[in-house]
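> predicted model, plus sequence, below.
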Amino acid sequence: MVPSLSLVLALHAAAAMASPLVLRAESAASAVLPEDVMVLNKNGAIETIKQSDWLSTLEAAGILLEKPAVDEAFLNATDLSADIFKSNETLTKRQASCDGTFAVVTDTTQRFVDWDVQMSPVVCAVGDMDINVMKGYTVANAVTITGSGSPTLIADRLTAQFGVQFSRTWTTQSSITTKGTVKDGNCGVMITRPLVTRRYGRTMQGCPGSYKQVGTWMADDHGEGSYAGIDWISGAISMCSKKQGAPPLTRCEGAGEFV
């Protein structure tokens, strides 16, 4: 799996499928939490569970434990069936002409744990050192398209259908009080392991009975929770630490380096 991963805050999997993560501090003071243990918010109570238990409950709920590869074959497909609209679906026309009428259809939905998202500077410790969540790190929802159709059009339709704001960006705040300890001779960073909903679909042009596919799209929704009154993405606030003396520090889960 990873060289060292200390999960410290997460959602109970049974609630994960129904609502975003809501994290609450036990007190206003910072708390150094042990490695491989996280604080679980379950029905308003704080519990300590192992990383393996959290992953098992997510897996049982149908959540993928690793970020799946982007389905490039779907995004580049041009010959998918247009026979996808039920008679009771309502389509919004952009203008009277069928050439100016667009609709979006969702084909596939995936739920998974995303790669590490940075929440603090990288610290390389000489002697044990504490690190805190720092302000200024961002993560955003995203829409990727191929062919015709605009990200705004697709985002607006998905917002109406699923209640998701795809223009949403979250920024870390220093008032989030959880901290972790980087052990002597290690480099470490505070992270989030986000829970992401990814949808694939198509952009259709025309009027009922004469639709044609003009594009495909992929949309990632991080969900939203709050921690100590601060809005943030749903998932687990964690710590990534590796035995090394200097940057760069690579992700514990996922590709690439922390800044």
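Received, thanks. Every value quoted in this text rests on a predicted model; they were computed, and no experiment measured them.

> only C-alpha atoms for contact and neighbour calcs from this point on.
Fine.

> low-confidence ranges, this structure, go.
1-49, 79-96, 175-178, 225-231 (pLDDT under 70).

> would you map the helices across it?
Taking DSSP state H, the helices of the chain run over residues 13-16, 51-60, 72-75, 151-162.

> adding distance to K135 and mean neighbour count, write those out as TSV.
As requested, the helices of the chain are arranged in TSV below (distance: least, CA to CA, whole Å; neighbours: other CA atoms under 10 Å):
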stretch	distance to K135	mean neighbour count
helix 13-16	26	17
helix 51-60	26	16
helix 72-75	35	13
helix 151-162	28	16
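
> could you check how far P151 is from G215?
With distances taken as CA to CA, to the nearest Å, P151 is found 11 Å from G215.

> intersection of neighbour lists for the two?
Common neighbours of P151 and G215, using CA atoms under 8 Å, 6 or more residues apart in numbering, are I145.

> circling back to that earlier point, wait, which of the helices of the chain is closest to A255?
Of all these, helix 72-75 sits nearest to A255, with 18.3 Å by CA to CA.

> was I right to think G235 contacts T192?
Yes. Using CA atoms under 8 Å, G235 is in contact with T192, at 6.6 Å.

> who's in contact with G245?
Counting by CA under 8 Å, 6+ apart, G245 has contacts C124, A125, G185, N186, C187.

> try 7 Å this time
By CA atoms under 7 Å, 6 or more residues apart in numbering, the contact list for G245 reads C124, G185, N186, C187.

> what about the residue lying closest to the last one once chain neighbours are set aside, distance to L249?
Just to be clear, that refers to C187. Leaving aside its sequence neighbours, C187 sits nearest to C124 (CA to CA, 6 or more residues apart in numbering; 4.0 Å). C124 sits 9 Å away from L249, going by CA to CA.

> overlap in contacts, the two.
Each of C187 lies in contact with both C124 and L249 under the rule CA under 7 Å, 6+ apart.

> distance check, the residue nearest to C187 against V189.
From C124 to V189 the distance is 9 Å (CA to CA).

> neighbour count winner among these two?
Between C124 and V189, counting by other CA atoms under 10 Å, V189 is the more crowded of the two (28 against 25).

> report the contact partners of the more buried one.
S120, P121, V122, V123, M239, C240, S241.

> repeat that for 8 Å
Applying CA under 8 Å, 6+ apart, the residues contacting V189 are Q118, M119, S120, P121, V122, V123, I131, M239, C240, S241.

> just P151 next, same as before
V143, T144, I145.
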